[in-house]
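# A structural model of the following input is requested.
(chains A and B)
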Amino acid sequence: DQQVKQNSPSLSVQEGRISILNCDYTNSMFDYFLWYKKYPAEGPTFLISISSIKDKNEDGRFTVFLNKSAKHLSLHIVPSQPGDSAVYFCAASEWGYQKVTFGTGTKLQVIP
Amino acid sequence: DAGITQSPRHKVTETGTPVTLRCHQTENHRYMYWYRQDPGHGLRLIHYSYGVKDTDKGEVSDGYSVSRSKTEDFLLTLESATSSQTSVYFCAISERGNEQYFGPGTRLTVT
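Numbers count the residues shown, from 1 in each chain, chains lettered A, B, ... in the order given. Sure thing, here's the model as predicted:
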């Protein structure tokens, strides 16, 4: 049972445009959400997070939006750069809980 | 970057042999995790630890065991490796259990 779903395995975007990566979850107990970025042959790196008391969190070019009623979150990258080409994992947990559930990832390609 | 290393980085082994992967941290974080990454499955939790000698199972724990005798080291053991355990294994650490920091990974091939 996939509790965190990333339905788009891949996404291609032109450099300078907006990249939007989507994630859906089914567990209503999740109240903390994270995005990780992974380059080939490296471990995932933490990118940005959001708690359920917010609907938006911004860090530079990266913004995460949370729609609790729809159990949906998205990561916006503006403007997209070739160095953003990587696999992006959405993850979710219950605040204070030790385990995080990851989605299957979306491979983003930013075309110069 | 969080001080976290994994060894070995690559290993090829035969079916039925025991294998131990090591994760070492210099951050003194309480929580440590072992994941495997496979195409179409993302990152799946194998086992995790919430303190020295305190461990618990994740969603894909069958065929794996772990030990944590020191804060800085978390070992993952495949008692008798099978081809289905061919994967990339990642260790992660966390101070509070949510934001986790990952090691570089170990690519394991079981022939």
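# roughly how far apart are residue B:38 and residue A:38?
13 Å (CB to CB, to the nearest Å). Where C-beta positions appear, they are placed from N, C-alpha and C, glycine not excepted.
# Those two: which has the busier surroundings?
Counting neighbours by other CB atoms under 10 Å in any protein chain shown for residue B:38 and for residue A:38 shows that residue A:38 has the greater number, 21 against 14.
# near chain B, which residues of chain A show up?
By the rule CB under 8 Å from any CB of the partner chain, the part of chain A lying against chain B is A:6, A:32, A:34, A:36, A:41-46, A:49, A:89, A:93, A:95-105.
# So how do I select the buried members of these in PyMOL?
The following PyMOL line selects those of these that are buried, judged by 16 or more other CB atoms under 10 Å in any protein chain shown:
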select buried, chain A and resi 6+32+34+36+43+44+46+49+89+93+98+99+100+101+102+103+104+105
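# Give me the subset of the residues of chain A next to chain B lying in helices.
Counted as lying in helices by DSSP state H, out of the residues of chain A next to chain B, is not a single one.
# if you look at the residues of chain A next to chain B, which of them are in strands?
Mapping the residues of chain A next to chain B onto strands (DSSP state E) picks out A:32, A:34, A:36, A:45, A:46, A:49, A:89, A:93, A:101, A:102.
# Of the residues you listed, which is the nearest to chain B?
Distance to chain B across these (CB to the nearest CB) is lowest for residue A:102, with 4.1 Å.
# Strands of chain B, start to end?
For chain B, applying DSSP E gives strands covering B:4-7, B:10-13, B:19-25, B:31-38, B:42-51, B:54-57, B:64-70, B:73-78, B:87-94, B:101-102, B:106-110.
# Pull out the buried residues from the first one.
What it means is strand B:4-7. Quick answer for strand B:4-7 (16+ other CB under 10 Å): B:4, B:6.
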